[in-house]
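J.: Here is a sequence together with a model predicted from it:
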Amino acid sequence: MVLNILKKRFYQLILVAWGVGTLTFILMRSLPGDMAYRIAASRYGQDNVNSLAAELVRQELNLDQDWFSSYFHWLLNLIQFDLGNSLVSGLPVIETVQHQLGHSLLLAGSGIALSLLVALPLGTWSAVKGGLINSILVWVSTVTRAMPVFILGLLLILLLSIHWQLLPVAGFSTWQHLVLPSITLAISLAAISNRVVHNSVGKVLRSSFYQFSRVKGLSETQTFIHHGVRNMAVPIVAFVGIQLVSVIEGIVMIESLFSWPGIGHGLAHAIFARDIPVIQGCALMMGILFVLLNSIIDLMCYWIDPRGQQEK
Amino acid sequence: MTELSYAAIAKKKQLKRGALFATLFIIVLLLVSHFMETDKVGTGLTANKSNTLSISGPWEISSLDPANQGYILTRMQVIETLLNVDNKGNIQAGLATQWHNSDDGLTWQFTLREDVVFHDGSHLDAYSVVNALNHATNKHGTLTKAAVTSIDVLAENKIEIILAKPYTSFAALLTNYSNAILSPASYDSTGKVKTLHGSGAYQMDSFSPPHQLTVKQFDNYWGQKASIPFATYLTGHRAESRLLQAKSGEADIVFTLDPSMLSQLKDNDQVTVYSHLIPRTLFIKLNNQHALLKDIKVRQALSMAINRTAIANNVLHSPDSETAQLMPSSMSKWFIEGINNNPYDLNKARNLLASLGWVVDSSGLLKRDGVPFNLTMITYADRPELTVVATAIQAQWAELGITLKVDVTNSSMIPAGHKDGSLQMALIARNFGFIADPLPIISSDFTHGGGDWGTMNWHNTLVDKAINELLITKDEQRSLVLTQQVAKAIYQDTPLLPIASYSQHTSVNKRVENFTFDPFERDYFINQMGLK
């Protein structure tokens, strides 16, 4: 069964790598505006971008080359695991992506871990207690989620960096720099995941098998550990996995606010600069990561509850 | 028979799980540390808050090639040019101590400083300078403005540059960062910069493109040695982040603060805010052949409908920065004395437009023969105040009944729109201090129909002639007459609409001593500063 999952995911991985790269290539080439000017602006700065610079870039990068040749060239390089060089910095794409992806994974991982530390107890508590506590938590979660993550980040900076001067505002060179963006991300994520935990726990607590285990004489703790946790875990793990994928790709605002060199921010800048090799490299890595994370989630879910896969 | 117990099995399972999670954790840690490795150059003393000057600005640095974002490298004092410029725009000695132009204006000779050591330990000589300048001529930079025929070694400490035609501002071209002198070991065989070895007061320590650059003091610097061991530059993309970095004391110096946020630093006793007028002008580039803009009266009316004083006071928060001419007063040769900086007169503007048949209809829209006066102005977000000024102009012109669409896009759309003729108007902040002398910029952007960042489809033979003469004349008096001619022609013909001189707002933490601002934005003068 596990081998089947892995085999299926491997085929998916090849398809995703080709599909994402091809789609990115087509989309980027279809965008309006002259690529040479965009690249020149990012390369030489706003004060020094002009038609001469654009012409130089066009010649150097052979931008007049037809679509098919460029695509074929890219595909050939991809087969040799060569993502090429950035059109703006001239640095190998793999180095840029490694640097950015490492920071994104670190931020996403710590954000998710912190969010679980908040969401798991809160969600469980509200499911067990219900009533007023649950209502208050629904309100707090809704308000937090409705607030743009950018505002949340600013509020935390004002409190923790300006007022109490505990943490740095922006940057990435020390572990302290990771704390504020992680907390911001965690609060934003926990606002939703605590509701998923609440639902999952609530469903299990109300189930007949859970009631039965209490009736047959197990204590509350024993019932929770032996009959609750595994059953509650599947939807939570699946949801957290999806959150992790979306967080790696979509925390541009947090990265931008905290000057964190993540892949979301890098991708956004590469799109503005029409830095196609970097865009393709980022998209490719994200696609691969998506498949890998989904595979890990599948395996975890299978490990927690093999019945799910057997049913499929 | 082996005795089995549920507890033993459970314990074994727990151990297995623990080992699995520990392995996973270690793998993740290794992956992350591998991903996060930065390009460390050198070892030894490490940077920390007490020994590092922290600078924040909005500009990214993605390459160490001086031709690309060399402006950050000269500001951080890693690289140097043959000639420098003082705060009044006068050319000063740099890596060259003397320079001489022949009578025919075609030959330039430079005597090099003798005690200069590059960061890789090699010595600066004529060969290394010729090598660096030859690489610069093959890249995008200012040297292409002059017709350079050859760059040769005359002696161990002397070089000669031959031009195909005279270019009086050639010395000014050499002050630009794109012509920085690097050690020969910095380049690979194709001329790309692989490892940066400059000659400045600071050398590279670490580089994490495009966000961070850390430099450390260079002990063998030929000039004033730095007293602050490290300096770091961090890109702060958002104006809010930069302000908060200044407020919290995390960044010692923060450049390009958003004017609307300056009040937040007013009561902060840890920070001093400096506002310096720099040779950068905010103006609206106009397509002078556009059907709505080709009549000078329309352009004058548009100019009169802009309340520049209100924009300077309320949007830019820089009183007295409003201007109706291209150059700031610091560029005295190009500055016209005694003109009204705010020719705001809405009634006069209405009458001018009415004389051309433009009338306001019942819905408040300006129309002629049923055709509304609609225009699109593009601008870019690299400088935070541009979009706000654009919307202020949109509101002010709406009072005339003009519908202005503001399109915030990439700055490259301006030269691209200029080239393909699609541009209607653009709000830009042009740096006339990019080269010490504004003449090279004026000559390429304001003559023969205009240039990417200057006039568009505007022809003035008087200006063309004057600029051609300016490029070759060495007579200072004649040069002054000609520059004034050009400045007045641009002012009178209104081929573009100047709005305000640009103010650079900088916050400096009280722990920084001897902060000096360079109006030409070439140097942060870190080697002259100290930390309390």
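T.: That came through fine. Numbers count the residues shown, from 1 in each chain, chains lettered A, B, ... in the order given.
J.: looking at it, A:A170 is touching B:T235, isn't it?
T.: No: taking contacts as CB atoms under 8 Å, A:A170 lies outside contact range of B:T235: 9.4 Å. All C-beta atoms are positioned from the backbone trio N, CA, C, and that covers glycine.
J.: number of nearby residues for B:Y233?
T.: Using other CB atoms under 10 Å in any protein chain shown, B:Y233 has 25 neighbouring residues.
J.: Which helix or strand contains it?
T.: strand B:230-235 (DSSP states H and E).
J.: Could you pull out the buried residues of that strand?
T.: For strand B:230-235, burial by neighbour count (16 or more other CB atoms under 10 Å in any protein chain shown) applies to B:F230, B:A231, B:T232, B:Y233, B:L234, B:T235.
J.: Count residues in the vicinity of the residue in the stretch 301-450 of chain B positioned nearest to chain A, would you?
T.: Of all residues in the stretch 301-450 of chain B, B:S412 sits closest to chain A, at 3.6 Å by CB to the nearest CB. The number of residues packed around B:S412, counting by other CB under 10 Å, is 29.
J.: what residues are up against it?
T.: Residues near B:S412 by CB atoms under 8 Å, 6 or more residues apart in numbering or on different chains: A:G33, A:D34, A:Y37, A:R38, A:A40, A:A41, A:V49, A:A54.
J.: just those residues now: which is nearest A:G123?
T.: Nearest to A:G123 among those, counting by CB to CB, is A:R38 at 45.6 Å.
J.: how close does the closest one get to chain B?
T.: 5 Å (CB to the nearest CB, to the nearest Å).
J.: so that residue makes contact with B:N410?
T.: Yes: between A:R38 and B:N410 there is a contact under CB under 8 Å: 6.0 Å.
J.: Give me the common contacts of the two.
T.: Common contact partners of A:R38 and B:N410 (CB under 8 Å, 6+ apart): A:F272.
J.: Of the two, which one has the most company?
T.: Regarding A:R38 and B:N410, a neighbour count based on other CB under 10 Å identifies A:R38 as having more, with 26 against 21.
J.: Now do the same contact list for the more buried one.
T.: Shown in contact with A:R38 (CB under 8 Å, 6+ apart): A:F272, A:A273, A:R274, B:N410, B:S412.
J.: And for A:V291?
T.: Listed by CB under 8 Å, 6+ apart, the contact partners of A:V291 are A:R9, A:Q12, A:L13, A:V16.
J.: Which strand or helix spans it?
T.: Assigned by DSSP H and E, A:V291 falls in helix A:276-304.
J.: Go ahead and name everything in contact with stretch B:375-386.
T.: Residues contacting stretch B:375-386 (CB under 8 Å, 6+ apart): A:46, B:58, B:239, B:256, B:258-260, B:282, B:284, B:292-293, B:315-316, B:387, B:390, B:393-394, B:402-411, B:413-414, B:417, B:423-429.
J.: List the buried residues for it?
T.: Within stretch B:375-386, the residues that qualify as buried are B:L375, B:M377, B:I378, B:T379, B:Y380, B:D382, B:R383, B:P384, B:E385, B:L386, counting by 16+ other CB under 10 Å.
J.: how long is that stretch end to end?
T.: The first and last residues of stretch B:375-386 sit 17 Å apart, counting by CA to CA, to the nearest Å.
J.: So which of the contacts of stretch B:375-386 are in strands?
T.: B:282, B:284, B:403-409, B:425-429 (DSSP state E).
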